[in-house]
Each structure stands twice: as structure tokens, then as C-alpha cells.
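Participant: below are the sequence and a predicted model for it; my questions follow.
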Amino acid sequence: MRVEIIRSPKRRSTAQARLIDGVLQVRVPAGLAPTEEDRLVRGFVNRFQRGRTAGPIDVAARAEGLVRRFGLRTPQSVRWVGNMSSRWGSCTTNTGEIRLSDRLAAYPPWVLDYVIVHELCHLSVANHSPAFWKLVNRYPRAERARGYLLAKGGEADDDMLDDMPD
């Protein structure tokens with residue numbers, strides 16, 4: 001991916017990136033330290049590359065299939081987001097909206113499906129009680145997927161493991 005850095009004397013503290021004709025244009029404050037500029041540019045490049053990977057995967061359709069397969073409640077919407085750095089997914093139970101980290105696009109489909117099932121189960125059980133885990137564990141690769149995510153993300157999204165029965 002070609003990157004063009006635009007240093008702006010008008011910018012004080014914010015950075016912005018846009019993909020224009022295949023070129024990632026990153027706008028940064030003119031006085032930004034080179035190390036900070038490098039960190040921001042790498043972050044934007046990673047985010048846009050993940051977005052390219054995540055785009056072709058229709059997570060709403062995957063969720064629909066999992067709802068049917070496991071008899072779960074239907075969400076209002078399921079979509080990718082690029083701003084989740086400490087969670088794999090989230091569910092707003094009162095609106096039925098599920099958001100999935102675009103980092104999952106690079107993982108095996110059965111791991112993505114596990115996270116979708118986990119979030120779908122929150123539509124029925126909002127907490128991580130034994131009843132919740134019983135529902136989640138109907139997914140055949142649940143334990144394997146949790147291990148995969150733990151290995152990939154370290155402490156990321158510990159709530160997927162909190163209160164899990166032994």
C-alpha cells in the first residue's frame with residue numbers, strides 16, 4: 001500500500017487517514033515527533049489493510065446462519081468495526097447490535113463464528129453466568145476458539161473468559 005504523509009501546520013493534535021485512488025493519505029501535525037508520526041502511520045496502514053480483509057466477509061450472513069444452526073435470537077445488526085483494540089466483539093443487548101473487531105478477519109472462520117456465537121448468546125443472557133456459558137458451549141469448537149483467541153490476543157477480551165465455569 002502506497003502511503004503519502006501530509007504534514008499540516010494547521011493541525012495541532014489530530015491525525016487523519018483516507019484512501020484515495022489506492023494511496024493512503026495520512027495527515028499529521030507538522031511538528032509531530034518522527035517516532036510518533038511513524039507509530040500513527042503504521043496504525044493507519046494496519047487498520048486499512050484489515051478493512052480490506054474484513055470487507056469481503058459478510059458477518060451478518062454468518063450470524064444469520066449461526067442463529068438458525070444453534071437456535072439463537074436474531075440480532076438487529078452485525079457489523080465490522082476498526083476501533084476495537086481490547087475486545088473481539090461487543091453486543092448492545094437493548095438494541096440487538098453486535099460489533100466485531102476487524103482483527104478477526106485474519107483468523108480462521110471457526111474462530112470468527114465462535115465470537116459471533118458468544119455475542120449472539122448475550123442477546124439471551126446478558127452476563128457471563130453459567131447459563132450463558134452453557135449456551136455458548138453448544139458451539140462445538142468453543143473451547144478451542146477461546147484458546148486460539150487467548151494465544152493471539154493475550155489478555156485481550158478477558159470478559160470472554162470471566163466467570164467461565166471450570
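Facilitator: Structure's in. What do you need?
Participant: which parts of the chain are strands?
Facilitator: Counting by DSSP state E, the segments of the chain that form strands are 2-8, 16-20, 23-29, 77-81, 89-92, 97-101.
Participant: can you redo those as TSV with mean pLDDT, distance to Cys121 and mean neighbour count?
Facilitator: Backbone N, C-alpha and C define where each C-beta goes, glycine included. Shown next, in TSV, are those (pLDDT from 0 to 100; distance: least, Cβ to Cβ, whole Å; neighbours: other Cβ atoms under 10 Å):
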stretch	mean pLDDT	distance to Cys121	mean neighbour count
strand 2-8	89	40	12
strand 16-20	78	35	13
strand 23-29	87	37	17
strand 77-81	90	13	17
strand 89-92	94	9	18
strand 97-101	93	11	22
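Participant: of those, which is nearest His122?
Facilitator: strand 89-92 (4.1 Å; Cβ to Cβ).
Participant: from the chain's centroid, how far away is that closest one?
Facilitator: Distance of strand 89-92 from the chain centroid (Cα atoms, centre = their mean, to the nearest Å) equals 10 Å.
Participant: what's the answer for stretch 11-27, then?
Facilitator: For stretch 11-27, the distance to the chain centre is 22 Å (Cα atoms, centre = their mean).
Participant: at the geometric centre of the chain, which residue do we find?
Facilitator: The residue lying closest to the centre of the chain (Cα atoms, centre = their mean) is Ser101, at 0.4 Å.
Participant: before we move on, the earlier item: using a markdown table, lay out the strands of the chain together with distance to Val111.
Facilitator: Formatted as a markdown table, the strands of the chain follow (distance: least, Cβ to Cβ, whole Å):
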| stretch | distance to Val111 |
| --- | --- |
| strand 2-8 | 30 |
| strand 16-20 | 27 |
| strand 23-29 | 28 |
| strand 77-81 | 15 |
| strand 89-92 | 11 |
| strand 97-101 | 11 |
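Participant: still on that earlier bit, what's the neighbour count on the residue nearest to the residue nearest to the centre of the chain when sequence neighbours are not counted?
Facilitator: Distance criterion Cβ to Cβ, 6 or more residues apart in numbering; nearest residue to Ser101, sequence neighbours excluded, is Met84 at 3.9 Å. By other Cβ atoms under 10 Å, 18 other residues sit near Met84.
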